[in-house]
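Enquirer: Show me how the following folds:
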Amino acid sequence: MDKVFGLATLELRPGVRGEEFERFWTDECAPLGAMLGLIGHVARGDRGERAGKYAIIWEIPSIEARDRCFPTPAYAHRRCWPCWSQS
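Expert: This is a model prediction of the structure:
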């Protein structure tokens, strides 16, 4: 089984501060992924076009695990949707 990486670039919704999002990610989203065997990372650009913008990187153990956790390309866990709009 090959490891798979998922990448989602994000734009925070108006009124959501970066610190709030990072705390929400750490406290809510990443633990949900960990329960499913995923390792989640949050990244913030510091230069160029993505400066100050976020990306989520999921480290997924296999294609089968990816398809189980994210059955369609547009799927995202409903608890995490309120914070961001996917770009």
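
Enquirer: Give me the distance from the longest strand seen in the chain to the chain's centre.
Expert: Longest strand in the chain, counting residues (DSSP state E): strand 4-12. Offset of strand 4-12 from its chain centre (C-alpha atoms, centre = their mean, to the nearest Å): 5 Å.

Enquirer: Excluding residues flanking it in the chain, which one is nearest I57?
Expert: In this structure, I57 finds its nearest non-sequential neighbour in H41, 4.3 Å apart by C-beta to C-beta, 6 or more residues apart in numbering. Bear in mind the C-beta positions are built from the backbone N, C-alpha and C, glycine included.

Enquirer: Quick check: buried residues in the helix or strand that neighbour falls within?
Expert: Secondary structure from DSSP states H and E places H41 in strand 39-44. For strand 39-44, a neighbour-count test (16 or more other C-beta atoms under 10 Å) marks 40, 42 as buried.

Enquirer: Tell me the neighbouring strands of that strand, and mark each as parallel or antiparallel.
Expert: Paired strands of strand 39-44, with direction, are strand 54-60 (antiparallel) (DSSP bridges).

Enquirer: Go ahead and flag the most central residue of the protein.
Expert: Residue closest to the average C-alpha location in the chain (C-alpha atoms, centre = their mean): I56, at 3.4 Å.
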